[in-house]
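Peer 1: next come a sequence and a model predicted from it.
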Amino acid sequence: MVWPFGSKEKDVAEIKKELPIDLQEFFDEANPKPHSSIFEPSPKQKLVEQILLENEKTAQYSHELDDYKRQQNAGVVLAVNCSEIRMQMLECVKQWKFMGEMNQCSDFVNKYSACDKIQKDALKHLFYDDCYKVEQCKRIRYAVDLFFVKNFGRYGEDVNEETKAKFDDDIDKAFYRVWKK
């Protein structure tokens, strides 16, 4: 006896041909399109890799860049960019610590956490860790801080979905300015 359901997987196009005509249209709508691999780099990542590869061929080792990246890593950048909000949070904690009511500081803690998360994501989006010139690294830092203040206020007092969307749009636009060839 032969197994009627072959073990070989069929291509989507083969399956579609076997369907009645009235079901083929439904099949096109209902059948999910193949997804690109999750490991496939995004267009922005490909651009960064291309620029880095081109730069690697022509650039020489830079002690200045190496020192800068070591001293101004993403953690340091976040600490500097969110420092004013952090100082407000620490002042509040100092003030309320003795009274045992640190819940009064939850607003400052939330603002600091939001600043840290938003700016960390922006630095990743702009590939800060991959910058290849000190000037470029500084431009990325400046853009992230500038757009944070522009969209959320100096102390992060205006974080909501609308301002977050505007911030993300500004960061998207800044990507091509900081990673131009």
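Peer 2: Cool, the structure landed.
Peer 1: contacts for the helix or strand harbouring L90?
Peer 2: Using DSSP states H and E, L90 falls within helix 83-97. The list of residues contacting helix 83-97 from outside it, by Cβ atoms under 8 Å, 6 or more residues apart in numbering, reads A79, M102, Q104, C105, F108, V109, K111, Y112, C115, R154, Y155, G156. For the C-beta atoms, the positions are set from N, CA and C on the backbone; glycine is no exception.
Peer 1: which of those count as buried?
Peer 2: Buried residues within those, counting neighbours by 16 or more other Cβ atoms under 10 Å: C105, F108, V109, K111, Y112, C115, Y155, G156.
Peer 1: C92 versus the third one, what's the distance?
Peer 2: From V109 across to C92, the span is 8 Å (Cβ to Cβ, to the nearest Å).
Peer 1: likewise for the first one?
Peer 2: Here the criterion is Cβ to Cβ. By it, C105 lies 4 Å from C92.
Peer 1: again with the second one
Peer 2: Shown here: F108 relative to C92, a distance of 5 Å by Cβ to Cβ.
Peer 1: can you check the fourth one too?
Peer 2: Distance check for K111 against C92: by Cβ to Cβ, it reads 11 Å.
Peer 1: anything in contact with each of the two?
Peer 2: Common neighbours of K111 and C92 (Cβ under 8 Å, 6+ apart) do not exist.
Peer 1: will you turn the contacts of helix 83-97 into TSV that also has distance to K69 and pLDDT?
Peer 2: Shown next, in TSV, are the contacts of helix 83-97 (distance: Cβ to Cβ, whole Å; pLDDT from 0 to 100):
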residue	distance to K69	pLDDT
A79	16	92
M102	36	58
Q104	39	77
C105	34	83
F108	31	88
V109	30	89
K111	28	92
Y112	25	93
C115	22	94
R154	27	90
Y155	29	86
G156	26	87
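Peer 1: good, wrapping up.
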